[in-house]
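[1] coordinates for the following, if possible.
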Amino acid sequence: MATPWRTLDSIDTDEGLLDLRQRGETDFLITIHGRVLMNASANMSEIALAQLACVSLKTKKKPRVLIGGLGMGFTLKAALDTLSVDAQVEVAELNPVIVKWCRGPLAHLTGGAVDDPRVTVVIDDVAARIRCVAKKDMENRFDAIILDLYEGPPRGGAGRRSYLYGDRALALSHLALKAGGVFAVWSEDPDKTFEKRLKAARFSVSLQRAGRGGRSHAVYIAQKPSGPKAGGSRKTGPGL
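    Predicted coordinates for the structure are as follows:
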């Protein structure tokens, strides 16, 4: 008989009860209203997202990276493992309890990545941070923006999808990136309409499928051109 899950902590949110559950030493779930958002044993797509977004920044001096959504910290850990020691990584997380969990019962999963000296955590909407940099703080534009949210382009409601992944949102993300910067987005499934919007926003687009032996999630790697003209688009096969 499988070991039952036990709830370590819960908090009410506008979307329902947010729970942290544990089974055994390293098996954790984060759920909302009974729906699984994150699973500690299924994190390949999150790791691939960060690695693909940051690989071109390995040798860049003082790269600036924005991550939207902390989750269990696997995306953050993969970004830190890829980036240089002088990188500056900002994590925008809406719910402070997620940060509390990553500094508490989940910390050992990522070696305490959230407390790495390169990391700054802000309790804010990542879309608001992108908008602020695009409109008011262009001197601090990012080399990479990584969106690792539990609802990607196909799954989000119409309002939220537009707010994060619509034409205006993508234009702001383009502005908030330095020339040649990377805009990386996790998605539960591929979304051709989203790909078209990325290209219309003057990004070149690569689609990776991350995962083995089960469902493969979609990882979009979109790049802002380094010159005045936008590049083309390309698709590749299975990712990391």
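
[2] partner strands of the lengthiest strand in the chain and their direction?
    Longest strand in the chain, counting residues (DSSP state E): strand 177-187. Strand 177-187 has the following strand partners under DSSP bridges: strand 142-147 (parallel), strand 217-223 (antiparallel).

[3] show residues contacting stretch 175-185.
    The contact list for stretch 175-185 (CB atoms under 8 Å, 6 or more residues apart in numbering) reads 49-50, 52-54, 56-57, 64, 66, 130-131, 133-135, 138, 141-147, 152-153, 165, 170, 173-174, 194, 198, 203, 219-227. To be clear about C-beta, it is placed using only N, CA and C from the backbone, and glycine gets the same treatment.

[4] let's go with 7 Å and repeat that
    49, 52-53, 56, 130, 133-134, 141-147, 152-153, 173, 203, 219-224, 226 (CB atoms under 7 Å, 6 or more residues apart in numbering).

[5] just the CA atoms of that stretch, as CSV, please.
    The C-alpha coordinates for stretch 175-185 follow below in CSV (Å, rounded to 0.1, in the frame of the first residue of the first chain):
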residue,chain,number,x,y,z
LEU,A,175,11.0,46.0,-24.4
ALA,A,176,12.1,44.7,-21.0
LEU,A,177,14.8,42.6,-22.6
LYS,A,178,18.2,43.7,-23.7
ALA,A,179,19.2,43.1,-27.4
GLY,A,180,19.6,39.4,-27.9
GLY,A,181,17.7,38.7,-24.7
VAL,A,182,15.7,35.4,-24.1
PHE,A,183,12.1,35.1,-23.3
ALA,A,184,11.4,31.6,-22.0
VAL,A,185,7.9,30.3,-21.3
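
[6] distance from the chain centre to that stretch, please.
    Between the centre of stretch 175-185 and the centre of its chain there are 13 Å (CA atoms, centre = their mean, to the nearest Å).

[7] one step back: most packed of the strands paired with strand 177-187?
    Highest mean neighbour count of the strands paired with strand 177-187: strand 142-147, a mean of 27 (counted as mean count of other CB atoms under 10 Å).

[8] dump the strands paired with strand 177-187 to JSON lines, plus mean pLDDT.
    Output for those, formatted as JSON lines (pLDDT from 0 to 100):
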{"stretch": "strand 142-147", "mean pLDDT": "98"}
{"stretch": "strand 217-223", "mean pLDDT": "94"}
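
[9] export these to a markdown table and tack on distance to residue 107?
    What follows is those, written out as a markdown table (distance: least, CB to CB, whole Å):
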| stretch | distance to residue 107 |
| --- | --- |
| strand 142-147 | 21 |
| strand 217-223 | 25 |
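
[10] check the gap between the residue most central in space within the chain and residue 12 for me.
    Residue closest to the mean C-alpha point of the chain, counted by CA atoms, centre = their mean, is residue 148 at 2.3 Å. Per CB to CB, to the nearest Å, residue 148 is found 24 Å from residue 12.

[11] now swap in residue 40 and tell me
    Counting by CB to CB - residue 40 and residue 12 are separated by 23 Å.
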